[in-house]
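**Student:** need coordinates for the following:
(2 chains)
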Amino acid sequence: MARPTATGTGDRPDLLSAGLFIGLGGLGLFMARGLDTGTLAQMGPGFLPRVVCVLLIAVGLAVGIPALRRPVQAIDAIRLRPLLVITVAIVGFAYAATHLGFVLASLWLIVAGSLADPGGNWRHILLLAAGLTLFGALVFVYGLGVQVPLWPF
Amino acid sequence: MTFIDLLMLGFSEAITPANLAFCLLGALLGTLIGVLPGIGPTATIAVLLPITFFLPPLAGIIMLAGIYYGAQYGGSTTAILVNLPGEASAVVTTLDGYQMARQGRAGAALAVAALGSFFAGTVATFAIAVAGPMLSGFALSFGPAEYVSLMVFGLLAATILASGPVLKAIGMILIGLLLGMVGTDQATGAERLTFGAIELFDGIDFIVIAIGIFGFSEIIANLERSGSEGVKLAPLSRLWPTRDDFRNSWGAVLRGTAIGTLLGLLPGGGATLASFSAYSLEKKVSKHPEKFGTGVVEGVASPEAANNAAAQSSFIPLLTLGIPSNNMMAMMLSAFMIHGITPGPTVLTTQPEIFWGLVASMWIGNLLLVVINLPMIGLWVKLLTVPYRLLYPAILLFCCIGVYSMNNRIFDVILAAGFGLLGYAFRKARCEPGPLLLGFVLGPLLESNLRRTLLIEQGDPSIFIERPISLTMLVATVILLGLMILPSFRRTRQEAFQEEEA
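**Tutor:** Here you go, the predicted model:
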């Protein structure tokens, strides 16, 4: 539970939700602008996306406006390290798996991903990376036949 | 074929060596992730979904179902021994279970939980076997209008019965519906909401969303918390409950089973809601309500029976109507879809071996869980001492391979990473991501049925209130929405979920 801080108003988690709802609704409306709405009997491709987006924006407003007046509630602290490290590790894996093969991709994912937790010990991480890569290669690539090259060459 | 013949067919399917092995594997995996905090059944099933593609349909579904109910068993083990609910549905078990463990009655609590769960699982499995054919016969008379009303009712009811603010849950459903519309429009072939990306013309894969929002963002959120190093264990004592324990708990088990089976049927119901309701019911009917929380055996027996019963009976709407009632069932729906099976009334007649094989395997799985788990409790508990920093790289790798293996595309993995970020934002905004999955799965169904209805009726929506079943559903939806506006109901609902959030 978030602790209310002393001053101001605004329920931040709710305001963030409102922002997400309204933003996604708006984005949807913008992207659906060229689509035909049609009639009730002959719905065009744009009919339901528009309805859903308008509803989404309405819900966003209904969540956001009362939240402005409520006493302040902070968003739980955001720690960038796990967020960035994990995302970069996953994206790197995606490129490496196609171009460099599964072995290097998997080693990269586990070694880079382990950096998200500051308490790591290099020997453990390397052992874990080697073990999981071997396991993954045997089970997924040989066993289940996932279509991915093992090596870069 | 008679009921017995069908049940025999089911058992003959379920006890083939391969299916038995996958049932065992699922139950073991479920127990494992139930024991380990920080990995839920939703994330696990998301990771394993792509793998079931390589298995025969029934084996894959049996395994995934095993994970779901296995997690209910595993979650209670840690709740009792270390006061750490492995799953949300085991939160109430900690109240009395851990107290029993501290009084040296851990063995009795574990045994009552396991036996109660087994009994509940048996009853709920039987309920599926009885209710399935009846309900699906009823569902065969549904036209598109009935399906539209049923889905609208299901989606809204799911938000009200699930925890958290209703408006936010409705917003999440709408986002799910919107995501379900990405891709080529089924009726006209127009590209919708694709940003012009060819990779999106086929729509977004369920697995990409599930792994992104449940797998990746869960890892990130867990790492933020960290500090889940090891835990201290309560000493394990003699396993068998006393005669008194049995006498005190059988009534509680019966009530828990009944409540769980019923609540599992409701949209948005499921294991967590059932265990909370069962606990409060038990407190109400008890002769000594003040003792609850100090280690009474009813406080363990009833919620444990309820969560297992609900886990099983929530399969009923999926298997008979084709409508998933919670996010776990949305996962199961897409597991069926991967194999080209659309769950619903027709499966029972065209592929009876799938339905009955699954039902029989659930019972076998429950039996296996009791047999494996009671002797192996010590081993499961040792697993708790494995630190998260050794676990999450493995989960990360399985998630990545899972997403990649669907289409062998970089794009899917990066999209999943994007959904991981979105899921992270939802967590910070305190939005439950479950309803999003429901919306995403039901969106295309809802749209095609709505279009079909209005096409047949030439744009006249009055059919929705002319057909009696459809009208009933809509009236129920309106009543639910009306209740939400009433302040007194809102307060009761908040109280009901208060313990859960604490």
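**Student:** tell me the pLDDT at A:Ala18?
**Tutor:** As predicted, A:Ala18 sits at a pLDDT of 93.
**Student:** surely B:Asn408 meets A:Gln147?
**Tutor:** Yes: counting by C-beta atoms under 8 Å, B:Asn408 does reach A:Gln147; the two are 5.0 Å apart. (Glycine included, C-beta is placed from N, CA and C.)
**Student:** please identify which of the two sits among more neighbours.
**Tutor:** B:Asn408 (12 against 9; other C-beta atoms under 10 Å in any protein chain shown).
**Student:** tell me who's in contact with that one.
**Tutor:** A:Thr98, A:Val146, A:Gln147, A:Val148 (C-beta atoms under 8 Å, 6 or more residues apart in numbering or on different chains).
**Student:** grab the nearest non-local neighbour of the residue positioned nearest the centre of chain A.
**Tutor:** By C-alpha atoms, centre = their mean, chain A has its centre lying nearest to A:Thr87, at 8.5 Å. What sits nearest to A:Thr87 in space, not counting adjacent residues and going by C-beta to C-beta, 6 or more residues apart in numbering or on different chains, is B:Ala417, at 5.4 Å.
**Student:** farthest pair within the contacts of B:Asn408?
**Tutor:** Greatest spatial distance in those: A:Thr98 and A:Val146, 12.5 Å, computed using C-beta to C-beta.
**Student:** these two: which has the busier surroundings?
**Tutor:** A:Val146 (22 against 17).
**Student:** dihedrals phi and psi, B:Phe54?
**Tutor:** Torsion angles at B:Phe54 (phi, psi; degrees, to the nearest 10) stand at phi -80, psi -10.
**Student:** and the residue lying closest to it once chain neighbours are set aside, what's its pLDDT?
**Tutor:** Leaving aside its sequence neighbours, B:Phe54 sits nearest to A:Leu144 (C-beta to C-beta, 6+ apart; 4.9 Å). With respect to pLDDT, A:Leu144 scores 72.
**Student:** how many residues are close by residue 142?
**Tutor:** In the absence of a named chain, this looks at chain A. Neighbours of A:Tyr142 using other C-beta under 10 Å come to 10.
**Student:** other chain: chain B
**Tutor:** 20.
**Student:** just checking, it touches B:Ser149?
**Tutor:** No: counting by C-beta under 8 Å, B:Phe142 does not reach B:Ser149; the two are 9.5 Å apart.
**Student:** list the contacts of A:Leu27.
**Tutor:** By C-beta under 8 Å, 6+ apart, no residues touch A:Leu27.
**Student:** what's the distance between it and B:Phe126?
**Tutor:** Going from A:Leu27 to B:Phe126 by C-beta to C-beta, to the nearest Å gives 48 Å.
**Student:** how many neighbours does the closest residue to B:Ser89 other than its chain neighbours have?
**Tutor:** Nearest residue to B:Ser89, sequence neighbours excluded (C-beta to C-beta, 6+ apart): B:Ala271, at 3.7 Å. The criterion is other C-beta under 10 Å. On that basis, B:Ala271 has 31 neighbouring residues.
**Student:** so B:Ala271 is in contact with B:Asn307, correct?
**Tutor:** Yes: the pair B:Ala271 / B:Asn307 is scored as a contact, 4.0 Å apart, by C-beta under 8 Å.
**Student:** of the contacts of B:Asn408, list those near chain B.
**Tutor:** The subset of those within reach of chain B, by C-beta under 8 Å from any C-beta of the partner chain, is A:Thr98, A:Val146, A:Gln147, A:Val148.
**Student:** distance check, the second one against B:Ile51.
**Tutor:** The one in question is A:Val146. A:Val146 is 9 Å from B:Ile51, by C-beta to C-beta.
**Student:** quick check: buried residues in stretch A:64-81?
**Tutor:** Buried residues in stretch A:64-81, counted by 16 or more other C-beta atoms under 10 Å in any protein chain shown: A:Gly64, A:Ala67, A:Gln73.
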